[in-house]
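Enquirer: coords below, sequence missing:
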């Protein structure tokens, strides 16, 4: 069975695993208050060009989203997200459980624009309604698209106009920043958003993400918020060790190498599928692709490949999702393309 | 200044005020556990044809919605509502504060249909997503439309198919059940929904609503839920006294008389506005109407009339909301129509 | 049956009822944004000597507590209360439902002291624990005692030392400020606490309380918090009308007259019970008293009097609670004393 | 620097690390729905003697507590815990954030008894108070004591009498079940509680705990609850691999070997400290000990040893906490004892 199911179907990238093994016997204090986490913090601060950033070792993406949103908002404040946004659909109501409305708006391509913000403020307007106070975007989006620098700048300006926080979910930031045509850098992001996180789990790490807070209001007592939201890892140093390995070397680091590899494998898959005469749903440019295939072919493919059946399409065809990971090989890609014939 | 601002701009209907005055000196136990509340309960049970109903004296509409939703749902369960639904827009995130997602769907006319339920289940489908478990509808809707019996039966069947609760917000139930063309009765509602409330505040009462639970699962420990959601009135008997006065006499009772009066006044307003050559937004058949008027005229009207400026329309015109109440007089209606010329 | 069950067993004091009747037909805007509520605000500001106070018409005590606590605290912050505190025991977990821990500490007499604050900070000390950020006290306490001015000053100083808010639940503030030996005034309170509320329900009003915010941090967007916590009364003017009647005339107003009457009736009850040879639990000086009576006598008294059986005492005796209200008469008091013989 | 700071100051026990390395390249589905997690489930079911158990791979202790409590309780229900309980003190209000009161009661030794349950029900008694519905105990307790079989049976009976769930936090279950004098087995626990978790983080695992649900009511939709409470690990298989390694071999497995080692190292420390003439706070029999030492000595020890300064004692002395871990060596223990002289 060949896996195109997700970018988290294996343990860790070999170099990361090696770093975990090498640091295993070291004793440190817990909860991310240790030299191994501090080392990662220094490397990240340098890389994002923000020595003032407040940086935290986190367990996972959902808990990072919930913690950051809850840290930023007062009870009557809400977060605006795309209808496809992870916090709206795929976190089982975790944000609402922490008390905040997610105002979900339809989009063309999984991306929010300044017009969305205006729409939210038209509906939520007085003391009987929540106050839209944070914008939640994902890069890559949940459907594989990426934000350009101009788009992010426009969102920053719109947020400033409405006194809103701008927050980026970077679960797949590695794939985003190495996508063909991408013109954003980590430094750009760190200069434009109030908070974001760099995803490890879907970019070669065994576990963990790093939350980066650029706004003091959100950073205030953030460790208390982490603890309360069940996101404090006893052995926080595990995340530190991994992110040191991922990001040391900056633009040439393993983090980007993994992103590039995943995107390349996805592009080869895509080209092969196109060559076989099939089309796609959406405009993904990263490591998730959404081919439209005949249902009979899908059934056949399922014998040897493991993937997600994404959505119905028409009577004869359906959309599947193929995802490449750090360990996806060219042989696996070729096997899939061969199976299409 | 003549008020078409809301249906709660005066104290209480004179007969209700009289009932409060007459019962004022009686001593009773608190929190709705008293003979005056029990008397209301008996009258209501008889009127709705459900001697098994669990009936509670409530402080207000938002707290009744929140209490009932929180009583019905487990943490991962969500409530489906129209995009115009009171719980989605105008309760300042109270439902989310109690931990539950409101899945808000666009509608033609403020009313949900079985197709909306199917849409919700398509998106929220597995153990990463909330479970749509309750349908929230308002009758009248927030924009003045009403459900027919056939529509309510269809929703009941769709809810049964998906194992969902059906809950009706009856803040303006008096206006709904006396609307022209309405074919629903209180007995129909009580036989079709899992819970609903009868609104007093917007139908001549000084304060209070009555929650009616027809499903034992929702009724279980409901008093604890009321207390926890700040909706337990120390002097619950106040609500009892008012609802006895409102509903004694059943189909001919003051409750319906007030509804009919408000609808009649609104219809006369509407006819006068139409005769003056203006159109309306939406298809309200009850005591809220939404005329589209020239902005200059609106400015002029504001000198003598108090109403809500509802929404932009086009460059020259805007939508206003006019609401009639138990105390609206024909003279007030005529004054408005005269002012249009 | 004679009621010593509570101070909310009747409707409203006749003068308050009269004020509601007289203002009944006036049209106003809703939600406390009306001239009748504004009039009450002005009278209250004058009376408390704080023209800068932010004043809100509220539905009830529990919702006022929850709204104020939730408005003041960030998610990881907690409120310190006595073990007997209303928010700890008798609000069915409403504060916790809004997300905040209530740190409950044992007391001698229902009152907190600076030492309690130190205790709380000893246990809750780092980023794994909540931050004690608000002190909740009730005056009268839930067991009938009152705070002296010196005690309140000491709490203010302790709160300042720890950067904590001081909040007073004034459900029975009328009884407190007219208690024998009381040396606190409304002005004192308004100069020492960050927020408090003046109780109407237990002091002659039909419904309603008034929240008074003296700290801008708590006042910020408080109306949104009211709405979200289900505490926004559509006909807010009802509370305004009642509090104007209660507090016009300041120190000689109906508010204090009712408090003095209730305390006097309770004192006469107490003296009669003592003269009959029975003792009391606690040191109440206000309108709740807690006689220790033989169980057999209690059974006999229940035939003609309605009261609360408070707590076990020993094999033969138990504690009951007697409460006097605005309408308690000397004849009712004498009847009880006579029944003891 | 020698660490007696915690039992989570190193990565993973070498055998566990080895298991992670060996399974690293395997592709599996995510979220604990994989053969590696299933293998752990089978081993655990066998070991606890409950083939019907519902078993989940969890990220950490706090999230397991919160998820299980929130899965079990309705909104008005509360959990009873010792004042020293982890959920009361050291989870930063996470349980309250999920909406539930923690009723914290003082204990002699960190352990609850049936009398505590009676106390809780005396105070929380009617529809104005929460309903005590779950008992939370930790084994070992947070201060190193353990429950006997007779004590656990007595709690089960008391819970049954009051219709309460019994839940055991097993963060340090390995140390508990290998403590001198312990007479409880994993099978006993699984036959007496409604839910418990087996701690990995503090017993040699790199990360992760296993939640074991023996009551269908708690197990219902538990995966949704995990996701909502941010406790769903994308690579759930990591926990599976580790627990297979920990528990394969049952009573002779690595899990118990690590517990025995930690307890032995702590006992040797204790004996050395006693021999040096110092006493202890509490009666720990497991891998946390609480010596009372002169403050000047503590300052000296801090130069070479890293430990937690636990509590003040008297003017000259203070209590420290020493914790042994899977990697603590006899040489480290001896170094500490030597340093006392």
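Expert: Yep, it's here. All of these numbers come straight from a predicted model, not from anything done at the bench.

Enquirer: Report the buried residues of the top helix by length along chain A.
Expert: Under DSSP state H, the helix in chain A containing the largest number of residues is helix A:254-275. The neighbour-count check on helix A:254-275 (16 or more other Cβ atoms under 10 Å in any protein chain shown) flags A:254-270, A:272-273 as buried. Every C-beta, even on glycine, is put in place using the N, C-alpha and C of the backbone.

Enquirer: Could you do stretch A:36-54 as well?
Expert: A:36-41, A:43-45, A:47-48, A:50, A:53-54.

Enquirer: Need the residues you listed in a markdown table (columns: secondary structure, distance to chain C and pLDDT).
Expert: Shown next, in a markdown table, are those (DSSP: H, G, I helix; E, B strand; the rest coil; distance: Cβ to the nearest Cβ, whole Å; pLDDT from 0 to 100):
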| residue | secondary structure | distance to chain C | pLDDT |
| --- | --- | --- | --- |
| A:36 | helix | 19 | 98 |
| A:37 | helix | 14 | 98 |
| A:38 | helix | 16 | 98 |
| A:39 | helix | 21 | 98 |
| A:40 | helix | 19 | 98 |
| A:41 | helix | 17 | 98 |
| A:43 | helix | 24 | 98 |
| A:44 | helix | 21 | 98 |
| A:45 | helix | 21 | 98 |
| A:47 | helix | 26 | 98 |
| A:48 | helix | 24 | 98 |
| A:50 | coil | 23 | 98 |
| A:53 | coil | 19 | 98 |
| A:54 | strand | 13 | 98 |
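
Enquirer: Specify which member of those residues is nearest to residue A:188.
Expert: Residue A:188 lies nearest to residue A:48 out of the buried residues of stretch A:36-54, by Cβ to Cβ, at 9.5 Å.

Enquirer: Now that closest one. Nearest residue, chain neighbours left out?
Expert: Computed as Cβ to Cβ, 6 or more residues apart in numbering or on different chains, the closest residue to residue A:48 that is not its neighbour in sequence is residue A:190, at 3.8 Å.

Enquirer: try residue A:154
Expert: residue A:114 (5.5 Å).

Enquirer: go on, residue A:229?
Expert: residue A:67 (4.4 Å).

Enquirer: mind checking pLDDT for the one you found?
Expert: On the pLDDT scale, residue A:67 is placed at 98.

Enquirer: Compute the inter-axis angle for the helix or strand where it lies and helix D:61-72.
Expert: Secondary structure assignment for residue A:67, by DSSP states H and E: helix A:61-72. Relative orientation of helix A:61-72 versus helix D:61-72 (axes from the mean of the first three to the mean of the last three Cα atoms, to 10 degrees): 90 degrees.

Enquirer: Counting by contacts, list what helix A:61-72 packs against.
Expert: Secondary-structure packing of helix A:61-72 (3 or more Cβ pairs under 8 Å, 6 or more residues apart in numbering or on different chains; DSSP states H and E): helix A:86-89, helix A:94-97, strand A:131-138, strand A:165-169, strand A:195-199, strand A:209-213, helix A:216-219, helix A:222-228.

Enquirer: Check the buried residues of stretch A:36-54 and tell me the two furthest apart.
Expert: A:36 and A:50 (20.9 Å).

Enquirer: Just list the residues touching the residue positioned nearest the centre of chain A, thanks.
Expert: For chain A, the residue nearest the mean C-alpha position is residue A:171 (1.9 Å; Cα atoms, centre = their mean). Counting by Cβ atoms under 8 Å, 6 or more residues apart in numbering or on different chains, residue A:171 makes contact with A:61, A:86, A:138, A:197, A:199, A:201, A:202, A:209.

Enquirer: Enumerate the residues of the stretch 151-300 of chain A near chain C.
Expert: A:221, A:223, A:224, A:225, A:227, A:228, A:232 (Cβ under 8 Å from any Cβ of the partner chain).

Enquirer: and the last one, how many neighbours?
Expert: By other Cβ atoms under 10 Å in any protein chain shown, 29 other residues sit near residue A:232.

Enquirer: Next, work out how far apart it and residue B:161 are.
Expert: Note on residue A:232: its distance to residue B:161, by Cβ to Cβ, to the nearest Å, is 43 Å.

Enquirer: Repeat that for the third one.
Expert: Residue A:224 sits 45 Å away from residue B:161 when distances are taken as Cβ to Cβ.

Enquirer: do the same with residue A:111
Expert: 35 Å.

Enquirer: More neighbours: which of the two?
Expert: Counted by other Cβ under 10 Å, residue A:111 and residue B:161 do not tie: residue A:111 has more neighbours, with 20 against 12.

Enquirer: Pull out the buried positions in stretch A:14-32.
Expert: Those would be A:16-17, A:19-21, A:23-24, A:27-32, for stretch A:14-32 by 16+ other Cβ under 10 Å.
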